[in-house]
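[1] I'd like to go over a predicted model; first the sequence, then the structure.
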Amino acid sequence: MSNYLAVDSSSRHLTVAAKKGDNLIVRYIPDCSMQHSVALMGEVEKAMDEVGLSCGECDFFCAVTGPGSFTGIRIGISTAKGLALGADKPLLGLTSFDLVAYNVNSENFYVVIDAAHSHFYVKGYGECQSSPEYMSLEEVGSLGAPLYGFEELPLDNYTRLKADECLPAAAEMAKGNLSRDISALYVRKSQAEEGRK
């Protein structure tokens, strides 16, 4: 049994999960309008207060490391790192792919994350095992195995999971992978970086 604080600000939504003993509080904003920097700390405080958890009681701090919103990813990682440093506790980094994959009961599948402009971040599991890729709508449509994610996407053979349920379940299952540092997963360059050619 672990006490932890986990945050996901990698997408349009914002999820904060705080667990103490058998008690779990999940605070979820389905559309944060990319205002994670304004909302995150308030949601962290509310979740920790509701479950009666202090930073010193946390066994680890968790953040979703991407891919997703470049700014959102950095906000989540910075928050988890700052809290972990202050409490001298380890970190758990979860990719957006693993956030979904830990919640899928299937052997061969792809996790699909919206990358905007009819493009997606994709990673295969099981016999479909693959490194993270940046794909067009047409490329994703040609994949043969089931697709999973946590967003509303215009894809066939796609199952949408609930983001607010994915985070605490994934944190529980991955808690054996703690470390002293976590870093962002960027599958492609940001628009600003691509524009610097």
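    That came through, no problem.

[2] what's next to stretch 13-22, contact-wise?
    1-8, 24-32, 36, 39-40, 43-44, 46-48, 50-53, 57, 150, 163-164, 167-168, 171 (C-beta atoms under 8 Å, 6 or more residues apart in numbering). C-beta here means a position set from N, CA and C on the backbone, and glycine is covered the same way.

[3] hmm, which of those are the buried ones?
    The neighbour count (16 or more other C-beta atoms under 10 Å) marks 3-8, 25-29, 32, 36, 39-40, 43-44, 47-48, 51, 53, 57, 150, 163-164, 167-168, 171 as buried among the contacts of stretch 13-22.

[4] list the buried residues of stretch 69-82.
    Buried, per 16+ other C-beta under 10 Å, within stretch 69-82: 69-70, 72-77, 79-81.

[5] okay, domains of the chain per the record?
    With domains defined by automatic domain parsing, the chain comprises 4-95+163-194, 98-160.

[6] with mean pLDDT added, can I get those in CSV?
    Shown next, in CSV, are these (pLDDT from 0 to 100):
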stretch, mean pLDDT
domain 4-95+163-194, 94
domain 98-160, 96
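
[7] so of these, which one's packed in deepest?
    Mean neighbour count (mean count of other C-beta atoms under 10 Å) peaks for domain 4-95+163-194 among those, with a mean of 19.

[8] max pairwise distance over the buried residues of stretch 69-82: which two?
    Using C-beta to C-beta, the buried residues of stretch 69-82 reach their maximum pairwise distance at Ser69 and Lys81, which is 17.6 Å.

[9] thanks a lot, catch you later.
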